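Novice: Here is a sequence together with a model predicted from it:
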Amino acid sequence: MRKFFRTPKGLLLIVLVGLVAIAAPHEGLAVVVPGLAAAVVLAGLLDAAILRVRDGGWAFPSGAVLTALIVAMVLSSREPWHVTAATAVLAIVSKYVCRYRTANVFNPAALAMVATFYLFDTGHSWWGALPDVAPPFLILLFVAGLFITDRVNKMPMVLAFLGAYYGLFTGMAFAGDPRWVAEIYRTPDVQAVLYFAFFILTDPPTSPTKYRHQVICGVLVAVTSVVFFEALGVVYYLLAGVLVGNVWETWRRWRAHRGRERQHRHPRRAHDAAAGTAVIA
C-alpha cells in the first residue's frame, strides 16, 4: 500500500481527499457525505467486480475511487445521494464500454456528468475546487495541481489550455461587452477551471504523451470549451471541451496505429518511400 501512495494515482488520491477534507465542512458534512460515500463505495465495488472477472484476481479499484471523488466534487452537493452514486457508476460502465484498443476513449467522470445532466438535470457547483473557503486556499489548490500535473508529465497541455482559454475570453472582453465574460475571472469559475485543468484534463489514459500533441489537445479543449460557453451557455462547457479532446486523441492514436500496421505489412514500400524522400531532400 505504501508503494501505491507513491504512484501518480496514489498521490492524486491523497490530494483529492485533502481537498474534500477542507471543502466538506464549508458545504456541510451532512450534505456532502451521503453522496460522496455512496459514489465511492458503489463505483469501487463495481470496478472491483469487473477487474476480478477480467483479470482473475482482486485488486484495489483506485481508478474507480478517483473517478467517484471527482464526480462527487464537481456535482452540486445538493444533488440526492443516489444521483451522485448513479453518475459515478455510469462513469465506471463507460470506461469499459467506450474503448479503443487497451484504453478508454473518454474521461469517465466527464462523460458521465454530461450524460446525467440530461438524464437527471444535475447541477455542477465544483465545491471540491474550494470556491467557498478562504482565498489563501486557492494557493493550496494551485500548488497541489501543479504537483500532480508535473508527476503525470502533462504541464505543456495544462499551460496551452489555460493560455488559450483565458486568451480567448480576454479577446472577447476587448471585442465585445466585458460584462458577458466577467464571471470567468471570478469565484467559483476560477477555482473550477484550475481544478478541471489539473485533475480532469490531465487524465493519463485519455490524454496525449508527446508534448506537441499535448499543446494541440490543450488548445482544442480550450477553444471547444469557449464555444460551448458562448454559443450554448451550458454548465458542462469545460467537460464538453475535454470530451472533444478525447475524441481527437483517439483519432490520432488510430491514425498512428494504422500507419504502423501499413509499415509492418509493406516494409519494402515503406523503405522505398523513405529512400525517395531522402533522395529528394
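Specialist: Happy to help now that I have it.
Novice: List the buried residues in the helix ranked longest in the chain.
Specialist: Counting residues, the longest helix in the chain under DSSP state H turns out to be helix 237-265. Residues of helix 237-265 classed as buried by neighbour count (16 or more other C-beta atoms under 10 Å): 237-246, 248-250, 253. Placement of C-beta: from N, CA and C, glycine included.
Novice: same check, this time on stretch 224-236
Specialist: For stretch 224-236, by 16+ other C-beta under 10 Å, it's 224, 225, 226, 228, 229, 235, 236.
Novice: Quick check, residue 220 in contact with residue 245.
Specialist: Yes - Residue 220 is within contact range of residue 245, at 5.4 Å (criterion: C-beta atoms under 8 Å).
Novice: So for the chain, the centremost residue is which one?
Specialist: Residue closest to the average C-alpha location in the chain (C-alpha atoms, centre = their mean): residue 200, at 2.2 Å.
Novice: Which pLDDT value belongs to it?
Specialist: Residue 200 carries a pLDDT score of 98 in this model.
Novice: How about residue 147?
Specialist: Here the pLDDT value assigned to residue 147 is 96.
Novice: That one: how many residues sit nearby?
Specialist: 13 (other C-beta atoms under 10 Å).
Novice: Work out for me the element it sits within.
Specialist: Using DSSP states H and E, residue 147 falls within helix 136-151.
Novice: Contact partners for residue 44?
Specialist: By C-beta atoms under 8 Å, 6 or more residues apart in numbering, the contact list for residue 44 reads 61, 64, 65, 68.
Novice: Sticking with the second one, tell me its helix or strand.
Specialist: With elements taken from DSSP H and E, the one containing residue 64 is helix 62-74.
Novice: Now that helix - C-alpha only, CSV.
Specialist: The C-alpha trace of helix 62-74 is given here as CSV (Å, rounded to 0.1, in the frame of the first residue of the first chain):
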residue,chain,number,x,y,z
SER,A,62,-8.1,3.0,-7.4
GLY,A,63,-9.3,4.4,-10.7
ALA,A,64,-13.0,4.0,-9.7
VAL,A,65,-12.3,5.7,-6.3
LEU,A,66,-10.7,8.7,-8.1
THR,A,67,-13.5,8.9,-10.6
ALA,A,68,-16.1,8.8,-7.9
LEU,A,69,-14.3,11.5,-5.9
ILE,A,70,-14.1,13.8,-9.0
VAL,A,71,-17.8,13.2,-9.8
ALA,A,72,-18.9,14.0,-6.2
MET,A,73,-16.6,17.1,-6.0
VAL,A,74,-18.0,18.6,-9.2
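Novice: right, and the helix or strand after that helix?
Specialist: Using DSSP H and E, the helix or strand that directly follows helix 62-74 along the chain is helix 81-97.
Novice: Tell me how many other residues surround residue 39.
Specialist: Residue 39: 30 surrounding residues under other C-beta under 10 Å.
Novice: Mind checking what secondary structure it has?
Specialist: Under DSSP: H, G, I helix; E, B strand; the rest coil, residue 39 falls in the helix class.
Novice: residues touching it, list them.
Specialist: Neighbour list for residue 39: 68, 69, 71, 72, 84, 85, 87, 88 [criterion: C-beta under 8 Å, 6+ apart].
Novice: let's go with 7 Å and repeat that
Specialist: Contact analysis of residue 39 by C-beta atoms under 7 Å, 6 or more residues apart in numbering lists 68, 71, 72, 84, 85, 88.
Novice: How about residue 199?
Specialist: For residue 199, the contact set (C-beta under 7 Å, 6+ apart) comprises 12, 70, 145, 148.
Novice: hang on, the earlier thing: chain center to the helix holding residue 64: distance?
Specialist: Chain-centre distance of helix 62-74: 11 Å, with C-alpha atoms, centre = their mean, to the nearest Å.
Novice: again, but for stretch 129-137
Specialist: Counting by C-alpha atoms, centre = their mean, stretch 129-137 comes out at 21 Å from the chain centroid.
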